[in-house]
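In: Provide a 3D model corresponding to the input given below.
(chains A, B, C and D)
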Number of protein chains: 2
Amino acid sequence: MGGSVSSANSLSVEELGSAAQRDRRKRILDATIALASKGGFDAVQMRAVAEQADVALGTLYRYFPSKIHLLVSALGREFERAEAATRDKPIPGDTAHERVMFLLNRTTKGLQGDPHLTEALTRAFMFADASVQSEIHTVGMLLSTMLTRAMHPGKEDLTDDDVAIARVIGDVWLSALVGWVTGRTSAGDVTKQMDVAVRLLLRD
Amino acid sequence: MGGSVSSANSLSVEELGSAAQRDRRKRILDATIALASKGGFDAVQMRAVAEQADVALGTLYRYFPSKIHLLVSALGREFERAEAATRDKPIPGDTAHERVMFLLNRTTKGLQGDPHLTEALTRAFMFADASVQSEIHTVGMLLSTMLTRAMHPGKEDLTDDDVAIARVIGDVWLSALVGWVTGRTSAGDVTKQMDVAVRLLLRD
DNA sequence: GGACGAAGTGAAACGTGTTCCTATTATGGC
DNA sequence: GCCATAATAGGAACACGTTTCACTTCGTCC
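Out: The predicted structure is shown next:
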C-alpha cells in the first residue's frame, strides 16, 4: 500500500477502448459489489473478485491498482447511479432542512439495507490514501452536488457558505456512517445525529 | 481482521499486574509511536514493533490483539497526555468560538508537526472496526471532554445541544484531518474548514 | 526449594494483498 | 492474411498481519 504518489490510477470508462474492455471493467465492479454485499470488506478478496469477474488476477490489477482503488471506484459508480437517478427529480420539502434530511434519510436507509456493502465501501473510502485522490474526488463532488442541490434547488451561484455547509454536512454524515458501520452507533443514531447537525447548520 | 465482536481487548494499564508488565506495555507503545513517527502507518510493522520493544511477537499480540488495536491504543495514550496537560489550564479566548478554535488550532498544529505519526494514528482510527469499540470510545470521550470544556469552561450541566455541537465539531475535525492526511487538502484548509464549521455551529 | 500455572520466547506456518514472469490471445496496420 | 504490439491468462513468488506451537522463564503457593 506504500509507494510514492504515482500516476497509478484506476482505468476509467472513457479511456477504455473496446467494448470488451468496458465489459471487463463492468464485470469486475459487479463482482466487487456482489462480494462486498455478501461479506463486506474482508470478503472482497482480489482472487475472488478476479475469479467471479472471469478475469486473471493480473488483469484485475491492471484495471484497478489496489483493493482500495477498486472499492472506491465501485462506490463512485454507485454514487453516479444514485445521482443520475435523482437528477431532474425535485426533492420534496419546503425548507432546505427538510430537503436535505429527505435526501440523507433516503440515502442512509438505502445504505442500511445492505450493511455489508456499506461497510466495505465506507471502510475503503476512509482508508484510502493519497494515491486514490482522483477516485475520492469524484465521490466528494457527487456528494457535494447532491447536497447543495437539495439545499438550493435550481440555484446557480452558490456562495462560499453554501459550499462550506454542504461540506460540513457531508463530513458529519461520513463520520456518522463510520460510527454505524463499526457498530458504535445504531441506525437511529445516524438519523438523529444528522438531524441535529442539519438543524444547527441550516436554521431556516 | 474478521471474526465476531469478541472480547479480545487491548490490555489496559490498570489490569496489568506487575511493574515489568506495565513497562513492557510502555515499551511497546513507545516503539509504536517511534516507528509511526518515522514512517507512518506502513512502517508500523508488527515484527518491527516487537523487535524494537524487545518483546516476542506473541507477547505483542497478547498485549494488543491487532495492529489497529495497537495504534488506536497509542492514539489514546497521546490523547490522555494532551488532555492531562491542559486540564486545569484555562483556555484563552473570550467566546466559545475563540476558545474552541484555540484548542483545535493548537492540536492541529501539533499533529501537523509530525505528519507520519498523524497519518498512522488517523488511518488506524478510521479503519477500526467494532472489535476496537472500547479503545475508540476512550478517544471519543476525551475529545468530547476537551471540546465541551473549551466551549463552556466550568459548566456542569451540559445540554444535549452542547454535546451534539461538540460531536459535530469532532466529526468535522476528523474528516478534515483525514483529508489532510490523504493529501486531499492542505494544512491551511484544515484550519479554514474548522473555522467555518465552528462559526456556523457557535454563533455567539 | 520444588511444583504448578501464567506469561514470555522463538520460530514456523498460513492467508491475503501485491508483484512479477512467461505463454497465449486479441487487435490494428500493411 | 500477416506481423507487431498490446492485452490477457495463469500461476509462482513475496510481504506483512496473524495464528500456532513447543519450549523456557517467572511468580506464587506449599
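
In: The nearest residue to A:Leu143 once chain neighbours are set aside: what's it in contact with?
Out: Nearest non-adjacent residue to A:Leu143, counting by Cβ to Cβ, 6 or more residues apart in numbering or on different chains: A:Gly170, 5.0 Å away. No exception for glycine: its C-beta is placed from N, CA and C like everyone else's. Residues near A:Gly170 by Cβ atoms under 8 Å, 6 or more residues apart in numbering or on different chains: A:Gly140, A:Leu143, A:Ser144, A:Leu147, B:Ser175.

In: Next: A:Val13.
Out: Shown in contact with A:Val13 (Cβ under 8 Å, 6+ apart): A:Arg22, A:Arg25.

In: Check whether it sits in a helix, strand or coil.
Out: A:Val13 falls in the coil class when you classify it by DSSP: H, G, I helix; E, B strand; the rest coil.

In: which ones are touching A:Val178?
Out: Taking Cβ under 8 Å, 6+ apart, one finds A:Thr122, A:Met126, B:Met126 in contact with A:Val178.

In: Report how many residues lie close to A:Thr148.
Out: For A:Thr148, the neighbour count with other Cβ atoms under 10 Å in any protein chain shown is 20.

In: my bad, A:Pro90
Out: Applying other Cβ under 10 Å, we find 10 residues neighbouring A:Pro90.

In: Phi and psi next, for the nearest residue to it once chain neighbours are set aside.
Out: In space, and not counting its chain neighbours, A:Pro90 is closest to A:Pro153: 6.3 Å by Cβ to Cβ, 6+ apart. Phi and psi for A:Pro153, reported as degrees, to the nearest 10, are phi -60, psi 130.

In: And for A:Asp195?
Out: Per-residue torsions, A:Asp195: phi -60, psi -40 (degrees, to the nearest 10).

In: Now do the same for the nearest residue to it once chain neighbours are set aside: its pLDDT.
Out: Distances taken as Cβ to Cβ, 6+ apart put A:Met101 closest to A:Asp195, at 6.4 Å, once the chain neighbours are dropped. pLDDT recorded at A:Met101 is 95.

In: show me the contacts for A:Met194.
Out: Counting by Cβ under 8 Å, 6+ apart, A:Met194 makes contact with A:Met101, A:Leu104, A:Asn105, A:Thr108, A:Ile169, A:Val172, A:Trp173, A:Ala176.

In: what would those look like in JSON lines with secondary structure, neighbour count and distance to A:Arg47?
Out: Listed next are the contacts of A:Met194 as JSON lines, based on DSSP: H, G, I helix; E, B strand; the rest coil; neighbours: other Cβ atoms under 10 Å in any protein chain shown; distance: Cβ to Cβ, whole Å:
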{"residue": "A:Met101", "secondary structure": "helix", "neighbour count": "20", "distance to A:Arg47": "42"}
{"residue": "A:Leu104", "secondary structure": "helix", "neighbour count": "24", "distance to A:Arg47": "36"}
{"residue": "A:Asn105", "secondary structure": "helix", "neighbour count": "14", "distance to A:Arg47": "38"}
{"residue": "A:Thr108", "secondary structure": "helix", "neighbour count": "20", "distance to A:Arg47": "33"}
{"residue": "A:Ile169", "secondary structure": "helix", "neighbour count": "26", "distance to A:Arg47": "39"}
{"residue": "A:Val172", "secondary structure": "helix", "neighbour count": "28", "distance to A:Arg47": "37"}
{"residue": "A:Trp173", "secondary structure": "helix", "neighbour count": "23", "distance to A:Arg47": "33"}
{"residue": "A:Ala176", "secondary structure": "helix", "neighbour count": "24", "distance to A:Arg47": "33"}
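
In: Same list (these) but as JSON lines, adding distance to B:Leu201.
Out: Formatted as JSON lines, the entries for the contacts of A:Met194 read as follows, by distance: Cβ to Cβ, whole Å:
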{"residue": "A:Met101", "distance to B:Leu201": "17"}
{"residue": "A:Leu104", "distance to B:Leu201": "18"}
{"residue": "A:Asn105", "distance to B:Leu201": "21"}
{"residue": "A:Thr108", "distance to B:Leu201": "21"}
{"residue": "A:Ile169", "distance to B:Leu201": "12"}
{"residue": "A:Val172", "distance to B:Leu201": "10"}
{"residue": "A:Trp173", "distance to B:Leu201": "15"}
{"residue": "A:Ala176", "distance to B:Leu201": "16"}
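
In: From DNA strand D, how far out is the residue sitting nearest the centre point of chain A?
Out: By Cα atoms, centre = their mean, chain A has its centre lying nearest to A:Leu75, at 4.1 Å. According to Cβ to the nearest atom of the strand, to the nearest Å, A:Leu75 stands 22 Å off from DNA strand D.
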